[in-house]
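>>> here's my sequence, what's the structure:
(2 chains)
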Amino acid sequence: MPPPSARTLAAIFAGGALGAIARAEVAEALPVHPGTFPWATFLVNVAGAALLGWFATALQDRRPPSLALRPFLTTGLCGGLTTFSTMQLELLKLLDRGDVGLALGYAAASVVAGLAAVQLTTTAVRRAAA
Amino acid sequence: MSVAVVLGVGALGGLGAVLRFLVDGAVTRRTGAGRFPFGTLAVNLSGALVLGVFAGAALRGDAYEVWGVGLIGGYTTFSTWMLESQRLAAGRRERAAAINIIGSVLLGVLAVWLGRSLG
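Okay, the predicted model is just below:
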């Protein structure tokens, strides 16, 4: 595999920057109160999964492959917008408080909604292309 | 957020995404593409560990925004984790998909707990 081009890295940087800022704004708008459902992380994660399913499917067979658009939208924007680490910290904080049911519900809801979001947009893009 | 914090979150978020791309690529080259998404797993677990360290060190306010939300949020990913799990399941590899999902959550909570104990 050839080393990544500067253009690819710049596209990932720009997408990641935009995604991270968007997530920080959502987190500020929807602060998490101890012992409650972490809506901000849930919403950006599911929205980001839906977008990634869309972009990854739509740009998959594009020829010639885009040097900048795909990494900007997928690795950069969707990756920067969504987070695994904050979700895990929020799960640990819920477990700390003994809110085991809420922790399990948060993990399950995130995964089920995230998978459904990917499935939905993937199917929609494939139908539109067929 | 102040303009300085927004710029800081953007700069470190972009850097985090580039780091994820490089670490994922390095791990995937060693473990083989298409078998199991070890690259994303490595990124997410190492990011969870570092975020745990930040939480343990009681990083707050603007410093948490820039380093925790920006760098580590930009570095770790939920969307790729879900996309890879969905693609495994769609390729009749439901067992690998289930292991990727459940294993990531269990090891992720463990990583953030370990990091917090160290921080």
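
>>> any idea which helix or strand in chain B has the lowest mean pLDDT?
One helix or strand of chain B scores below all others by mean pLDDT, DSSP states H and E: helix B:61-63, with a mean of 95.

>>> now stretch B:3-17, how far from the centre of its chain.
In terms of Cα atoms, centre = their mean, to the nearest Å, the gap separating the centre of stretch B:3-17 from the centre of its chain is 16 Å.

>>> which parts of that stretch are buried?
Using 16 or more other Cβ atoms under 10 Å in any protein chain shown as the burial criterion, the residues of stretch B:3-17 that qualify are B:V5, B:V6, B:G8, B:V9, B:G10, B:A11, B:L12, B:G13, B:G14, B:L15, B:G16, B:A17. Heads up, the C-betas are built off the backbone N, CA and C, glycines and all.

>>> quickly name whichever of those residues is closest to A:R127.
The closest of the buried residues of stretch B:3-17 to A:R127 turns out to be B:A17 (Cβ to Cβ; 30.2 Å).

>>> what sits closest to that closest one if chain neighbours are left out?
Among residues not flanking B:A17 along the chain, A:G16 sits closest, at 2.5 Å (Cβ to Cβ, 6 or more residues apart in numbering or on different chains).

>>> same question, A:R70
Spatial nearest neighbour of A:R70, chain neighbours left out: A:L59 (4.7 Å); criterion: Cβ to Cβ, 6+ apart.

>>> would you mind measuring from that neighbour to chain B?
Distance of A:L59 to chain B, given as Cβ to the nearest Cβ, to the nearest Å: 13 Å.

>>> what sits against that residue?
With Cβ atoms under 8 Å, 6 or more residues apart in numbering or on different chains as the criterion, the residues that contact A:L59 are A:P65, A:S66, A:L69, A:R70, A:L73, A:T74.

>>> mind running it again at 10 Å?
Applying Cβ atoms under 10 Å, 6 or more residues apart in numbering or on different chains to A:L59 gives the contacts A:P65, A:S66, A:L69, A:R70, A:P71, A:L73, A:T74, A:V125.

>>> returning to that earlier point: could you point out which element follows the least confident helix or strand of chain B?
helix B:73-75 (DSSP states H and E).

>>> centre of the chain to that following helix, how far?
For helix B:73-75, the distance between its averaged C-alpha position and the chain's averaged C-alpha position is 7 Å (Cα atoms, centre = their mean).

>>> now do the buried residues in it.
Applying 16+ other Cβ under 10 Å to helix B:73-75 flags B:G73, B:G74, B:Y75 as buried.

>>> helices along chain B, start to end?
Assignment of helices within chain B using DSSP state H yields the ranges B:3-31, B:38-56, B:61-63, B:73-75, B:79-90, B:94-118.

>>> tell me the residue furthest from the middle of chain A?
When distances are taken from the C-alpha mean of chain A, A:G98 lies farthest, 27.6 Å away, according to Cα atoms, centre = their mean.

>>> if we can go back for a sec, okay, the host helix or strand of the residue nearest to B:A17 in CSV with CA atoms only?
Assessed by DSSP H and E, A:G16 sits inside helix A:6-29. Taking Å, rounded to 0.1, in the frame of the first residue of the first chain, the C-alpha atoms of helix A:6-29 are listed here in CSV:
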residue,chain,number,x,y,z
ALA,A,6,-0.7,14.9,1.7
ARG,A,7,-4.1,15.6,0.0
THR,A,8,-5.7,12.6,1.7
LEU,A,9,-4.3,13.6,5.1
ALA,A,10,-5.4,17.2,4.7
ALA,A,11,-8.9,16.1,3.7
ILE,A,12,-9.1,13.9,6.8
PHE,A,13,-7.8,16.7,9.0
ALA,A,14,-10.4,19.2,7.6
GLY,A,15,-13.3,16.7,8.0
GLY,A,16,-12.2,15.7,11.5
ALA,A,17,-12.0,19.3,12.6
LEU,A,18,-15.5,20.1,11.4
GLY,A,19,-16.9,16.9,12.9
ALA,A,20,-15.3,17.5,16.3
ILE,A,21,-16.5,21.1,16.4
ALA,A,22,-20.1,20.0,15.6
ARG,A,23,-20.0,17.3,18.3
ALA,A,24,-18.6,19.8,20.9
GLU,A,25,-21.5,22.2,20.0
VAL,A,26,-24.1,19.5,20.4
ALA,A,27,-22.5,18.4,23.7
GLU,A,28,-22.7,22.0,24.9
ALA,A,29,-26.4,22.3,23.8
